[in-house]
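# quick one: sequence and predicted model below, then my questions.
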There are 2 protein chains.
Amino acid sequence: MGLRERKKEETRIALSWAAIKLTVERGFDNVKVEDIAAEAGVSHRTFNNYFSSKGEAIAARHFDRAVQIADELRSRPDGEPLWEAITNAVFARFALGMQEAERPADERWIAGVKLMSQHPEHQGEFLKAHTAAQEALAAAVAERTGTNADRDLYPHLVAGTVGAAILAAINLWLHGDAPAPFEELLRDALGQVAAGLPTP
Amino acid sequence: MGLRERKKEETRIALSWAAIKLTVERGFDNVKVEDIAAEAGVSHRTFNNYFSSKGEAIAARHFDRAVQIADELRSRPDGEPLWEAITNAVFARFALGMQEAERPADERWIAGVKLMSQHPEHQGEFLKAHTAAQEALAAAVAERTGTNADRDLYPHLVAGTVGAAILAAINLWLHGDAPAPFEELLRDALGQVAAGLPTP
DNA sequence: TCGTATCTTTGCGTGGCTCGCAAATTTGTG
DNA sequence: CACAAATTTGCGAGCCACGCAAAGATACGA
């Protein structure tokens, strides 16, 4: 990767991160594209060369992370059963980043994230990112299972189910009544869908 | 329902339908909010009292129909097994409307729908509507299974899985390689997830 | 039937947003 | 170092969402 591409990637991440940071701190509607661009050290116009909206910039981080699940799945050993491989892939790339890095773990921060997650424009973009990443996952599932993503339902059903499990875990964690560690919720959710959703 | 509410409902539907019609005919970016309002016989400003964007107006029809699945599920007999009830509910309110009403069945129309379905803004709003309707379904599933939508993953996993099946069927129908009747795809998809996604 | 309270529609104005375009700057390469 | 290619930036056009307040429609009790 040449200097050019590296700088582009850096700018993209800086913009996305700035968008998240400012939005969590101030609320979606109190952040102008101008502010995000300034925070990342580029011009307003450059922001729009990278993202076509505030919401897309915010969702980009989720997207990048979610797409990596598909990559990880491809690198799991061939012998590993499908659902085991998926679970491992999800945890390898998803669960960890949710807890550790880049989070002040602040109470104010979490409140900000909750607010952000409820904003209509963010929801739409978040779901778009989630769904796009799911397609990458479906392609990986198709490869692994010898099915065809353009003709068969199966890989999309698997990917969609995994996505639903991840979303359910995120939503219950953010908005549910019973506080539980995210990792536990996610493991539970994946376990249930992997087992074919037995009646509880 | 008084006259007031009936007129509101009519306006809402007229706006949503006008948005879909014009968008399918001309393409998303060649339709102004002004045009939609004119087609429905109200002012531009009134459009925004009902919907906060073009995309939302378009997705409203999907949303209304999808929410009815939850209502239908509630009215299924108590003894019916969950997945059977869900499948029947989906077909009662969803599959039929997809084929019959309000569709010129025109080739030009279908091409327009395909184009529309690929537009980024539409995708976001469509997924938002889909997800919101899914929550209604989760609530109905919680009622039926004695689980709690605020605390348990289960109803959200079931609703999310059903939603994923519906989405997969729609997408394969619209964009897939192998042409098959929508109803068949949907039945296949629901059958697979109901059976716990056995390896094909 | 009428009068009033409530809800809905509408026009206007404001601020923000996305994107096309072309000039200026930066990076890659021989 | 010079030239080609990609990226950034400023500017401008057109559209959009929403707050506000006036005008219009509907509900409902007396």
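Noted; the coordinates are in hand.

# show the model's pLDDT score for A:Ala180.
If you check A:Ala180, the pLDDT there is 89.

# and A:Gly97, by the same measure?
On pLDDT, A:Gly97 comes in at 59.

# what about the helices in chain A?
A:3-26, A:33-40, A:44-50, A:54-74, A:82-90, A:96-99, A:107-118, A:120-145, A:154-175, A:182-194 (DSSP state H).

# separation between A:Glu10 and A:Ser16?
Distance, A:Glu10 to A:Ser16, using C-beta to C-beta, to the nearest Å: 11 Å. No exception for glycine: its C-beta is placed from N, CA and C like everyone else's.

# give me the more crowded residue out of those two.
Each of A:Glu10 and A:Ser16 has its neighbours counted (other C-beta atoms under 10 Å in any protein chain shown); A:Ser16 has more, 23 against 11.

# what sits against the residue nearest in space to the middle of chain A?
In chain A, the residue lying closest to the centroid (C-alpha atoms, centre = their mean) is A:His62, at 2.8 Å. By C-beta atoms under 8 Å, 6 or more residues apart in numbering or on different chains, A:His62 lies in contact with A:Phe126, A:Ala129, A:His130, A:Ala133.

# burial measure for the second one, as a count.
So that's A:Ala129. If we define neighbours as other C-beta under 10 Å, then A:Ala129 has 24 of them.

# tell me the pLDDT at it?
97.

# my guess is it contacts A:Arg65, does it?
No. Using C-beta atoms under 8 Å, A:Ala129 is not in contact with A:Arg65; the gap is 9.6 Å.

# in this structure A:Ala168 contacts B:Ala149, no?
No. With contact defined as C-beta under 8 Å, A:Ala168 does not reach B:Ala149; the gap is 10.6 Å.

# please name the residues that touch the residue nearest to A:His44 when sequence neighbours are not counted.
Take A:His44 and drop its neighbours on the chain: the residue closest to it by C-beta to C-beta, 6 or more residues apart in numbering or on different chains is A:Ala37, 4.7 Å away. Contacts of A:Ala37 were listed using C-beta under 8 Å, 6+ apart, and they are A:Leu15, A:Ser43, A:His44, A:Thr46, A:Phe47.

# and the gap between A:Ala37 and A:Ala59?
A:Ala37 is 17 Å from A:Ala59, by C-beta to C-beta.

# cool, and A:Thr11?
Counting by C-beta to C-beta, the gap from A:Thr11 to A:Ala59 is 17 Å.

# between the two, who's got more neighbours?
Neighbours per residue (other C-beta under 10 Å) separate A:Thr11 from A:Ala59, with A:Ala59 holding more: 28 against 17.

# how close does that one sit to DNA strand D?
Noted for A:Ala59: a distance of 18 Å to DNA strand D, by C-beta to the nearest atom of the strand, to the nearest Å.

# ok, A:Leu153 next?
Distance from A:Leu153 to DNA strand D, by C-beta to the nearest atom of the strand: 34 Å.

# that older thread, more crowded one of A:Ala168 and B:Ala149?
A direct count of neighbours by other C-beta under 10 Å for A:Ala168 and B:Ala149 places A:Ala168 higher, at 29 against 20.

# the more buried one and chain B, how far apart?
For A:Ala168, the distance to chain B (C-beta to the nearest C-beta, to the nearest Å) stands at 4 Å.

# now for chain A, the helix or strand with the poorest mean pLDDT.
One helix or strand of chain A scores below all others by mean pLDDT, DSSP states H and E: helix A:96-99, with a mean of 61.

# rewinding a little: scan the contacts of A:Ala37 and report the most crowded one.
A:Leu15 (25 neighbours).

# got a list of what that residue touches?
Taking C-beta under 8 Å, 6+ apart, we find A:Leu15 in contact with A:Ile36, A:Ala37, A:Ala40, A:Val42, A:Phe47, A:Tyr50, A:Phe51, A:Ala57.

# contact residues of chain A facing DNA strand C?
Chain A has residues A:2-4, A:7, A:31-34, A:44-45, A:47-48, A:52-54 near DNA strand C, with proximity defined as C-beta under 7 Å from any atom of the strand.

# which residues of chain A score low on pLDDT?
Low-confidence segments of chain A, defined by pLDDT under 70: A:1, A:3, A:96-105.

# okay if I get the helices of chain A as a markdown table plus distance to B:Leu82?
Listed next are the helices of chain A as a markdown table, based on distance: least, C-beta to C-beta, whole Å:
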| stretch | distance to B:Leu82 |
| --- | --- |
| helix A:3-26 | 39 |
| helix A:33-40 | 46 |
| helix A:44-50 | 45 |
| helix A:54-74 | 29 |
| helix A:82-90 | 21 |
| helix A:96-99 | 31 |
| helix A:107-118 | 29 |
| helix A:120-145 | 25 |
| helix A:154-175 | 16 |
| helix A:182-194 | 14 |
